[in-house]
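> Predicted model and sequence below, questions to follow.
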2 protein chains.
Amino acid sequence: MADVAQEAHVSVKTVSRVVNREPGVRRDTELRVRGVIDRIGFMRHDGARILRQGRTQTIALVVEDLANPFYSQIGAAVEREARIRQHQLITASAEGSPTRERVVLEGLINRRVDGLVVVPAGERPVSDPTVSASGTPIVYVDRPVRGEPCDTVISDNPGGMRSAVEHLVAHGHRRIAFVGDNAEFWTARQRREAFVSIHEALGLPGDARIAMGPHTTESLTERLGDWSRERSPVTAVITGNNRVTLAALHAMRALGIRMGLVGYDDFELADLVEPSVTVVHQDPASIGQKAVLQLFARLLGDESPAQTVVMPTRLIVRESGRLPDPTPARKAHP
Amino acid sequence: MADVAQEAHVSVKTVSRVVNREPGVRRDTELRVRGVIDRIGFMRHDGARILRQGRTQTIALVVEDLANPFYSQIGAAVEREARIRQHQLITASAEGSPTRERVVLEGLINRRVDGLVVVPAGERPVSDPTVSASGTPIVYVDRPVRGEPCDTVISDNPGGMRSAVEHLVAHGHRRIAFVGDNAEFWTARQRREAFVSIHEALGLPGDARIAMGPHTTESLTERLGDWSRERSPVTAVITGNNRVTLAALHAMRALGIRMGLVGYDDFELADLVEPSVTVVHQDPASIGQKAVLQLFARLLGDESPAQTVVMPTRLIVRESGRLPDPTPARKAHP
DNA sequence: CGTTTCCCTGACAACGCTGTCACTCCCCGA
DNA sequence: TCGGGGAGTGACAGCGTTGTCAGGGAAACG
């Protein structure tokens, strides 16, 4: 900027004015300065600007695994919303480790990101005192944290689970099992609890089969096989997220059996696998968008009490809930 | 930092030394400073550090659409590699628009990111003079740019295409069509050209059916329907990327026909759809990793000539190449 | 013709940190 | 006793911007 100033025979301040399109620069001065800028290829150093102004125009997204479609869709939405608002997005993975999450968060705070969208790794509050002391607004997504109320955007897990169970019951299933992901995850636990309570509410057989993860295709194959060979066999399964659904599909394929199935999370091709899979759809793009909206409200000074937004889910009915058809499960146990 | 210094009765410089674990601070001084830091919750302002030191410890990834699994897997790999090297990752979408890409790139240059990994939107070089003048190292991924040679990581498209065509031919197909994505994309064109030349080399019928995108399920349904009703019907299709494969699968489902199929890009569940889909697999994680490796080599001063790395592809054989079985395609045209 | 007003412009400090260099001790050996 | 050397510390400048304020010239006014 100093170079430009010298070359254009003006002060740095005037160059700054031109660069920022501030008013109060004579037309010909502005043109002269612009000419020099183009000629020598000057580009403003945003780092210095930031240092001076205090706002980094940057928000960060911390997720577990950016390669998981659920999170990458959230990421795409967050990036788009940030871009619309002239902010850049830093993405970071905590890989499910609270320790790593703390390190990551501290790094981001040090960078003075203006705000954070976080899928919390652990369930304990991320109340690293330094993080909360920094005053950086945080919106949690997909899972809440304990402790102080915080801005949070989650899915309606009980509602989704209710629609899943009711759908299966409507198709005649009574022995319905739940296969959840790792019970360490809040979502996994919440869905399990929802499953249990709805199961009871509907008066289904009391000894519901439940298996929490982590699961592999192999472990699930064994488990589903056992369940289907019981005296009163399980005829339908609800899976707790996209990872589990995938493993369950592979397991059923390996077993060569067809059980009723409702999966949590929609996935590409859910309509193309055989049978097509009925799912509880949560819209990651909307979740991400909502989170950013809330975050920017805070950035613009919204001081209202922390808010938890519950996003509705939608049951997408395909074929897998109707199985087995007509009653082939009986065949497994003559 | 000044506050800490005053509180601990030392100079700012000493605080700086403690924060950075520089040697030459007496043990008790260090402890005293650390105590104050913890007490008042001081966190270093990385912006200022960056301004002083010149390196931002940040790299950026510019893709078309972060929600596309191919890119999000690249993104996850790039983020991991960056994190390993103590760098943060800024992700940005250009949404396929060269104009937006320029804006995005300039923004990132202004931020003084240390390096860029870019999936170029247009094919013309991104030789925005300001961008190249900035001297920021760039590694292009998935598609090359014209003009000056640049560091690039791409897939072995001709090799992948060859394996696809040969696979289909080995299963008796002679009338093989290619359905590529938008011809604006270099990858789409390169795969088309590879298809044509291999098609010729193998002495297949000269009038190969080729359709470039963009495609929708509807448009492809019509197209595939036409092809399968020709006098000498197309019996197998090669699709140019994951988007197209998806549309083709839906189209075949809509038509109720089964054609031979080899898709470009592997996808989750490719083994579970009916029929399971044979694909040319490119490993996005490796591509992303390789790109970051190259980028950091440049950051560490590697001055060797620009390098184009061609990543091998792998044909994952499933069922869809064997179709139709035995010749059901004929049924469509009695 | 002097005074006020407005429009441009520039000097300077400050944002928060780190590199450089100089200074003060204290210990050692001569 | 004195000089040399190393360890610990601090003063200060400067990274590239922008906010503040003051200055200077031209136009407008009395």
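Done, it's in. Owing to the predicted nature of the structure, the values given are computational and were not obtained by experimental measurement.
> use CA for all of it now, contacts and neighbours both
Fine.
> Am I right that residue A:177 is in contact with residue A:233?
No. The criterion here is C-alpha atoms under 8 Å, and residue A:177 misses it with residue A:233 at 10.0 Å.
> quick one, which of those two is more surrounded?
A direct count of neighbours by other C-alpha atoms under 10 Å in any protein chain shown for residue A:177 and residue A:233 places residue A:177 higher, at 26 against 20.
> what's the helix or strand for the more buried one?
Taking DSSP states H and E as the definition, residue A:177 sits inside strand A:176-182.
> Just the residues contacting the helix or strand just after that strand, thanks.
Of the helices and strands lying after strand A:176-182 in sequence (DSSP H and E), the nearest is helix A:186-201. With contact meaning C-alpha atoms under 8 Å, 6 or more residues apart in numbering or on different chains, helix A:186-201 is reached by A:123, A:142-144, A:157-158, A:161-162, A:165, A:178, A:180-183, A:206, A:208, A:212, A:240.
> at 7 Å what do you get?
A:123, A:143, A:157-158, A:161-162, A:180-183, A:240 (C-alpha atoms under 7 Å, 6 or more residues apart in numbering or on different chains).
> need the residues of chain A near chain B, please.
A:41, A:43-48, A:51, A:66-67, A:69, A:72-73, A:76, A:79, A:89-92, A:110-111, A:130, A:272-274 (C-alpha under 7 Å from any C-alpha of the partner chain).
> hang on, the earlier thing: other residues contacting the strand holding residue A:177?
A:188, A:192, A:208-214, A:234-241, A:244.
> Now the stretch 151-300 of chain A against chain B: closest residue?
residue A:273 (4.0 Å; C-alpha to the nearest C-alpha).
> Quick check: bridge partners of that residue?
Beta-bridge partners for residue A:273, by DSSP bridges, are residue B:273.
> Please name the residues that touch it.
Contacts of residue A:273 (C-alpha under 7 Å, 6+ apart): B:272-274.
> any chance you could map the helices in chain A?
Along chain A, the stretches classed as helices by DSSP state H are A:2-8, A:12-19, A:27-40, A:46-53, A:69-84, A:98-110, A:129-133, A:157-170, A:186-201, A:217-228, A:242-255, A:284-299, A:328-331.
> Any idea which of the ones you listed has the lowest pLDDT on average?
Here the lowest mean pLDDT among those goes to helix A:328-331, at a mean of 40.
> burial count for the residue of the stretch 51-200 of chain A found nearest DNA strand D?
Nearest residue of the stretch 51-200 of chain A to DNA strand D: residue A:52, at 4.7 Å (C-alpha to the nearest atom of the strand). Neighbours of residue A:52 under the rule other C-alpha under 10 Å: 11.
> do you know how far it is from residue B:30?
Residue A:52 sits 30 Å away from residue B:30, taking C-alpha to C-alpha, to the nearest Å as the criterion.
> go on, residue A:206?
62 Å.
> Comparing these two, which shows the higher neighbour count?
Neighbours per residue (other C-alpha under 10 Å) separate residue A:206 from residue B:30, with residue B:30 holding more: 19 against 10.
> dump the residue contacts of that one.
By C-alpha under 7 Å, 6+ apart, the residues touching residue B:30 are residue B:18.
> which ones are touching the nearest residue to residue A:242 once chain neighbours are set aside?
Counting by C-alpha to C-alpha, 6 or more residues apart in numbering or on different chains, residue A:265 is the residue found nearest to residue A:242 once chain neighbours are left out, at 5.4 Å. For residue A:265, the contact set (C-alpha under 7 Å, 6+ apart) comprises A:241-242, A:279-282.
> So which residue is dead centre in chain A?
Nearest residue to the geometric centre of chain A (C-alpha atoms, centre = their mean): residue A:71, 4.5 Å.
> and the nearest residue to residue A:244 once chain neighbours are set aside, how many neighbours?
Of all residues not flanking residue A:244 in the chain, residue A:181 sits nearest, at 6.4 Å (C-alpha to C-alpha, 6+ apart). Counted with other C-alpha under 10 Å, the neighbours of residue A:181 add up to 25.
> for residue A:183, same thing?
16.
> can you list the residues of chain A near DNA strand D?
A:1-2, A:12-13, A:16-17, A:19-20, A:43-46, A:48-49, A:51-53 (C-alpha under 7 Å from any atom of the strand).
> The residues you listed also near DNA strand C: which ones?
Among the residues of chain A next to DNA strand D, DNA strand C is touched by A:12-13, A:48-49, A:51-52 when using C-alpha under 7 Å from any atom of the strand.
> Looking at these, state which has the most neighbours.
In those, the most neighbours by other C-alpha under 10 Å go to residue A:51, 18 neighbours.
> Give me the distance between it and residue B:113.
16 Å.
> what do you get for residue A:314?
For residue A:314 relative to residue B:113 (C-alpha to C-alpha), the value is 41 Å.
> number of nearby residues for the residue of the stretch 151-300 of chain A found nearest DNA strand D?
Here the residue of the stretch 151-300 of chain A nearest DNA strand D is residue A:300; by C-alpha to the nearest atom of the strand that distance is 16.9 Å. Using other C-alpha under 10 Å, residue A:300 is surrounded by 9 other residues.
> Angles on the backbone of it, please.
phi -90, psi 10 (degrees, to the nearest 10).
> residues in contact with it?
Going by C-alpha under 7 Å, 6+ apart, the list of residues near residue A:300 is empty.
> Give me the local confidence score for it.
92.
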